[in-house]
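Novice: curious how this folds, go ahead:
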Amino acid sequence: VDDLNSYPVKELGPLIENHNLFPSKTNVNFVEFLNTGEVKMVTWERGAGLTLACGTGACAAATILWEKNKIQDQVLIHLPGGILNISKVGEEIFMTGPAQECFSGDIDIERLLI
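Specialist: Numbering: from 1, shown residues only. This next block holds a predicted model:
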């Protein structure tokens, strides 16, 4: 997209997510090309709506841009939750970026086996 700040992500995200072409629904990534080393991305995730980040979506977006020869082998993807560094080495794709704990809990595995 030309400008993510003015793009109707909240309107188009659910329309695409729930379109009949995707019977199991789908995630939707909106990508704004900044330059050969940086892009901006927002993800509408199926069943969740807007998310702070989507690593698989960032890798997918980078893959498409590599195939179109739009970006370098290393690109910074700016997401609402932070910046991901996506790089390609041969056939391998690597993602690095910040992580933080957002939930902590306990689970009783025995109860799951009932």
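Novice: for the record, mean pLDDT for the lengthiest helix in the chain?
Specialist: Using DSSP state H to define each element, the chain has its longest helix at helix 55-67. The average pLDDT within helix 55-67 is 97.
Novice: same deal with stretch 88-96?
Specialist: Rounded mean pLDDT across stretch 88-96 is 95.
Novice: 37 is where my numbering starts, stick with that
Specialist: Understood, numbering begins at 37; the last thing we discussed is stretch 124-132.
Novice: what does that stretch rub up against?
Specialist: Stretch 124-132 has contacts (C-beta atoms under 8 Å, 6 or more residues apart in numbering) with 91, 94-95, 98-99, 102, 109-110, 120-123. From N, CA and C alone the C-beta is placed, and that goes for glycine too.
Novice: got the residue ranges for the helices in this protein?
Specialist: Using DSSP H, helices in the chain cover 45-53, 91-103, 145-148.
Novice: check contacts around residue 117.
Specialist: By C-beta under 8 Å, 6+ apart, the neighbours of residue 117 are 87-89, 134.
Novice: any chance of JSON lines for the helices of the chain, columns mean neighbour count and distance to residue 78?
Specialist: Formatted as JSON lines, the helices of the chain follow (neighbours: other C-beta atoms under 10 Å; distance: least, C-beta to C-beta, whole Å):
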{"stretch": "helix 45-53", "mean neighbour count": "15", "distance to residue 78": "5"}
{"stretch": "helix 91-103", "mean neighbour count": "17", "distance to residue 78": "9"}
{"stretch": "helix 145-148", "mean neighbour count": "7", "distance to residue 78": "35"}
